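pasting the structure only:
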């Protein structure tokens, strides 16, 4: 108690200044966030400008006219509608398949005992440190040999088996008490039944986080689609955007409209699921950047 | 390997290793629940086959193909170490190694430092902290290609950045037409995109430090700086190690930023190893030679990873 009173007398001025410090700290942080967001803000305003006002002598956010029609033009000029549909369908298929594979694997690691489990587990762990993009050439050759190059099958398959998803689910499954499983077993449930009716409902939060990451992984992926897809009617958004930028005489306002439409869904997803995403990333569930 | 495994897989870094968990779950596994013992294999098999076919085998095949001359239509012809001899004398390749090395040496320390600083800052009293976190995280979860396109616009000769700089009298900077500046832009967009992610990993590490430890050090009279180096840093070191290993692996494989913003130019000043690999394989149809490049990249990454695994004993504290 004496210690405490000593401390208060020593730091009373500090305590009085605390609201000021709080306000200053908050202001600085939000100004920094604003500067950080400038590229995205600028993208949005550029997307609304007339073509000849994208560049200029002085910086200005709003052009002489505000052209919402640029978004519609991007839709026709870059064929953004098709790119969007392709990206959505591919991401949806990838997400569902990733969840299925990861659930089965995680269940085996977390709740089943089988000979060689530790060895298989170790193999999964080691693959986490493999530089995946280094191996694109044989992957491409393999699909080419199988006459699957330039198909969505070849695009989707290699992305389904990353070990991070299985580890995330395993971590959650390990926390489920064994009693639940034993009770179901006594009631005569099969292993499969236990997975579907007992385990999966209990790890639903982890499944939804994994679903978001699988979706974004597919949505963002660039190198592999660039390699494996040749026909423009199969392209995804990143391929369309990259192709758009390398043309001479880029129509920046349309490109930025496309970028806005590409990044906006991510912003919505991250804002809605922020708590779960932050928890999963913090747990190291999806590696680093 | 052991400690990395604990780190990568254990949700809480401590106690995540495999064996103790099995032991503590003995009751569950005394009587195999899934009927016959092979049932577990049935569940693990889809994932295992996929992992083998699409991740492990391509890695091995890449090492093998490096010793061949291969084209898409001409087939595969083994040529011994010829590709590697050629690589040593290929100025374009040596340049790409140098460019990527500079990228890694600047990007990784900067990324870790910024992520750490931001993680610490967001622990202080700030209104709307959670929303700030979301703002910094968004670029890390959006397509690199879109982010890169945005930066390509910003850093055009008469783009927004130069407009701002001219406004305050710092003149236009030849961002994308000068090699050094172009590499700086590529590093810049990478940092802007990525630090939010590592910030959250490190932030979680900081959160897991017991407040008692901090309070004790405060009572002992440790100052802020002292507290950071003596308490926070050692206790965050597992998360820091995890982040660094994966950031290094990713940095050596940098591709999309350079592809979209500069195409490797001007000259070859932003030609990363992956970009050179891509062009060699898929523009010039030299698949064997590209695999040799992949092999060298693989070895470089392996050396960096193993070096960190070896070095961690000196600075990473588990518990």
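Alright, I've got the coordinates. On a predicted model such as this, the values are computed, not experimentally measured, just so you know.

What is the longest helix of chain A by residue count?
helix A:2-46 (DSSP state H).

quick check, that helix touching chain B?
Yes: against chain B, helix A:2-46 shows contacts by CB under 8 Å from any CB of the partner chain at A:21-22, A:25-26, A:29-30, A:33, A:36-37, A:39-40, A:42-43, A:46. From N, CA and C alone the C-beta is placed, and that goes for glycine too.

so which of the residues you listed is the most crowded?
Neighbour tally across those (other CB atoms under 10 Å in any protein chain shown): the maximum, 26 neighbours, falls on residue A:46.

just to revisit the earlier point, let's test this: mean pLDDT of the longest helix of chain A, rounded?
For helix A:2-46, the mean per-residue pLDDT is 77.

Does anything pack onto it? Which helices or strands?
helix A:252-272, helix B:129-141, helix B:144-154 (3 or more CB pairs under 8 Å, 6 or more residues apart in numbering or on different chains; DSSP states H and E).

and those helices, which is most packed in?
Among those, helix B:144-154 has the highest mean neighbour count (mean count of other CB atoms under 10 Å in any protein chain shown), at a mean of 26.

what residue ranges in the stretch 101-250 of chain A are flagged as low confidence?
Residues of the stretch 101-250 of chain A meeting the criterion pLDDT under 70: A:245-249.

Would you pull up the residue in it closest to chain B?
Here the stretch 101-250 of chain A gets closest to chain B at one residue, residue A:114, 2.9 Å apart by CB to the nearest CB.

who touches the closest residue to that residue other than its chain neighbours in this structure?
What sits nearest to residue A:114 in space, not counting adjacent residues and going by CB to CB, 6 or more residues apart in numbering or on different chains, is residue B:40, at 2.9 Å. Contact analysis of residue B:40 by CB atoms under 8 Å, 6 or more residues apart in numbering or on different chains lists A:108, A:112-114, A:117, B:34.

Likewise for residue B:148?
By CB under 8 Å, 6+ apart, the contact list for residue B:148 reads B:189, B:256-257, B:259-261.

same thing with residue B:301?
Applying CB under 8 Å, 6+ apart, the residues near residue B:301 are A:131, A:134, B:248-249, B:252-253.

Select from those the one having the most neighbours.
residue A:134 (27 neighbours).

A helix includes that residue, no?
Yes: with DSSP: H, G, I helix; E, B strand; the rest coil as the criterion, residue A:134 is part of a helix.

hmm, back to that, most widely separated two among the contacts of residue B:40?
A:117 and B:34 (12.1 Å; CB to CB).

Neighbour count for these two, which is higher?
For residue A:117 versus residue B:34, the count of surrounding residues by other CB under 10 Å is larger for residue B:34: 22 against 17.

need the strands for the stretch 151-289 of chain A, in chain order.
Counting by DSSP state E, counting those that start in this stretch, the stretch 151-289 of chain A has no strands at all.

quick revisit: farthest pair within the contacts of residue B:301?
Across those, the two members that end up farthest from each other (CB to CB) are A:134 and B:248, 13.8 Å apart.

What segments of chain B are strands?
B:68-71, B:75-78 (DSSP state E).

for the first one, which positions count as buried?
Of all the residues in strand B:68-71, those buried under the rule 16 or more other CB atoms under 10 Å in any protein chain shown are B:68-70.

swap in stretch B:86-99?
Under 16+ other CB under 10 Å, the buried positions of stretch B:86-99 are B:87, B:90, B:93, B:95-97, B:99.

Could you tell me how many residues sit around residue B:211?
Neighbour tally, residue B:211, other CB under 10 Å: 7.

Need the pLDDT of it.
pLDDT, residue B:211: 81.

looking at this, the residue of the stretch 101-250 of chain A closest to chain B is in a helix?
No: counting by three-state DSSP, residue A:114 is not part of a helix but coil.

picking up where we left off before, would TSV of the contacts of residue B:40 with distance to residue B:233 be doable?
Shown next, in TSV, are the contacts of residue B:40 (distance: CB to CB, whole Å):
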residue	distance to residue B:233
A:108	38
A:112	40
A:113	40
A:114	41
A:117	36
B:34	45
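
And residue B:87, how far from chain A?
From residue B:87 across to chain A, the span is 15 Å (CB to the nearest CB, to the nearest Å).

Need the residues that contact stretch B:261-272.
Contacts of stretch B:261-272 (CB under 8 Å, 6+ apart): A:246, B:92, B:95-96, B:99-100, B:103, B:148, B:151-152, B:155, B:176-180, B:182-183, B:185-186, B:189, B:254-255, B:258, B:275-276, B:279.

Show only the entries of those found in helices.
Using DSSP H, those in helices are A:246, B:92, B:95-96, B:99-100, B:103, B:148, B:151-152, B:179-180, B:182-183, B:185-186, B:189, B:258, B:275-276.

pLDDT weak spots in the stretch 151-300 of chain B?
Counting by pLDDT under 70, the stretch 151-300 of chain B contains no low-confidence range.

residues contacting whichever residue of it sits closest to chain A?
Nearest to chain A, among the residues of the stretch 151-300 of chain B, is residue B:204, at 2.7 Å (CB to the nearest CB). Residue B:204 sits next to A:278-279, A:281-284, B:239 when contact means CB under 8 Å, 6+ apart.

Narrow those to just the buried residues.
Buried among the contacts of residue B:204 by 16+ other CB under 10 Å: A:278, A:281-284, B:239.

Break chain A into its domains for me.
Using automatic domain parsing, the domain parsing of chain A gives A:2-46, A:80-282.

Please disregard the earlier target; I meant chain B.
B:20-65, B:82-315.

Determine how far the last residue of the last one lies from the first.
Just to be clear, that refers to domain B:82-315. End-to-end distance of domain B:82-315 (CA to CA, to the nearest Å): 41 Å.

circling back: in the buried residues of stretch B:86-99, find the pair that's most separated.
B:87 and B:99 (15.3 Å).

ok, now which ones touch residue A:265?
For residue A:265, the contact set (CB under 8 Å, 6+ apart) comprises residue A:219.

Nearest residue to residue B:189 in space, please, no chain neighbours.
residue B:151 (4.3 Å).

Surely that neighbour is in contact with residue A:40?
No: look at residue B:151 against residue A:40 with CB atoms under 8 Å: they stay out of range, at 10.9 Å.

Going along the chain, name the helices of the stretch 151-300 of chain B.
Taking DSSP state H, counting those that start in this stretch, the helices of the stretch 151-300 of chain B run over residues B:160-167, B:179-207, B:211-219, B:224-227, B:233-252, B:256-261, B:273-278, B:287-315.

thinking again about what came up before, which of the contacts of residue B:148 sit farthest apart?
The span of the contacts of residue B:148, defined through CB to CB, is set by B:189 and B:259 at 12.0 Å.

Going by distance to residue B:75, which of the contacts of residue B:40 wins?
residue A:108 (39.6 Å).

The host helix or strand of the closest one near chain B at all?
Applying DSSP states H and E as the criterion places residue A:108 in helix A:80-111. Yes: on the criterion CB under 8 Å from any CB, helix A:80-111 is in touch with chain B at A:100-102, A:104-105, A:107-109, A:111.
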